[in-house]
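>>> Below is the sequence, then the predicted model.
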Amino acid sequence: MLKRAHIRQFLAVVDSGSFTQAAARVRITQPTLSVGIAELEKEVGAKLFIRDRKHVRITEAGARLLPIARQLEQGFRAAESLSDSTENHWPQIRLGLLQSVAGAMAQKVMQALCPDYEPELVEGPNHELRTMLASGRIDVALTLLRPEDIEAGALPLLSEPYVMLVPAGHALAGQTDVPPDAFAADVMIARRSCERLQDTSRFFTRNGVRPRFALRSDNDDLCIRMVAAGLGITTAPLSLQIEGTQAVSIAGYDFQRTLGLIGASPEQADSVADIHALLAPAFI
């Protein structure tokens, strides 16, 4: 017999991507979770997950079951809510956030969402967020948009250039169209989370600039603060500029990015539009 516990366990594995984390989420042991998933697979007559040492991947049958399972769980929650009409049952949203979104902007995003939603935030690079969307582990992603995303209904929030961020007292601070070889003597900081990292490396190599690096880090906040401290300079989207740094445009370095919202399915278009309306002021 299909039980709610089976549905909750299945969704916990999908959402966490791990049997260990899923067991902790539903507060049972991992062996108990494995037994529950095996019972569910027997009920539906198909294997739902493929497990290896590092990953848990949902099967085609699991992907077909996923929207049904979410509807069943929503039905259970709706039924529970009838027993206490005084309790606030807030909408839930699992939001994927591009890891190179500026911290101040992420704060504004959460300040805009929290009064109306009870969000769960998942951070990651663009390709991981898209994988999580496809598997149903997140509902909406605030990430890099491609032209085809906008054609498919994605909603843009911000378009911005990539620039060189330098300390406020740098000799080139505030200048525009600076030739790349003007930075040849500078010490650089490598933002390893940057989606344009390889393109940037090729650009400077092509222009004969092979700098020394004082820091290589996935932590954008650390990298930009170290620019402000005078440790070095770094390329970054303009929105990452903070007090103590200045943006310099580089001749020929014409990279741009557009951030926006992508929904997990066309059926979520209205919800995505509602979230977009809440978040838009944070990007002004």
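Thanks, I have the structure now.
>>> What residues sit buried inside stretch 163-179?
Val163, Met164, Leu165, Val166, Pro167, His170, Leu172, Gln175, Val178 (16 or more other C-beta atoms under 10 Å). Every C-beta, even on glycine, is put in place using the N, C-alpha and C of the backbone.
>>> what do you get for stretch 246-254?
Buried-residue list, stretch 246-254, by 16+ other C-beta under 10 Å: Gln246, Ala247, Val248, Ser249, Ile250, Tyr253.
>>> So which of those residues are in strands?
Counting by DSSP state E, the part of the buried residues of stretch 246-254 found in strands is Gln246, Ala247, Val248.
>>> coming back round to it: taking the buried residues of stretch 163-179, tell me the two that lie furthest apart.
Pro167 and Val178 (14.8 Å; C-beta to C-beta).
>>> ok, so of the buried residues of stretch 246-254, who is nearest Val44?
Nearest to Val44 among the buried residues of stretch 246-254, with distances taken as C-beta to C-beta, is Tyr253, at 52.7 Å.
>>> Show me which of the buried residues of stretch 246-254 is closest to Glu151.
Tyr253 (27.2 Å).
>>> can I assume that closest one is in contact with Thr235?
Yes - Tyr253 is within contact range of Thr235, at 7.5 Å (criterion: C-beta atoms under 8 Å).
>>> Now do the shared contacts for those two.
Tyr162, Met164, Thr200 (C-beta atoms under 8 Å, 6 or more residues apart in numbering).
>>> Contacts only, for the closest residue in space to the first one that isn't next to it in sequence.
Excluding its sequence neighbours, the residue lying closest to Tyr162 (C-beta to C-beta, 6 or more residues apart in numbering) is Phe255, at 4.3 Å. Shown here is Phe255, whose contacts under the criterion C-beta under 8 Å, 6+ apart are Pro161, Tyr162, Arg196, Asp199, Thr200.
>>> sec struct for the first one, please.
Secondary structure, DSSP: H, G, I helix; E, B strand; the rest coil: Pro161 is strand.
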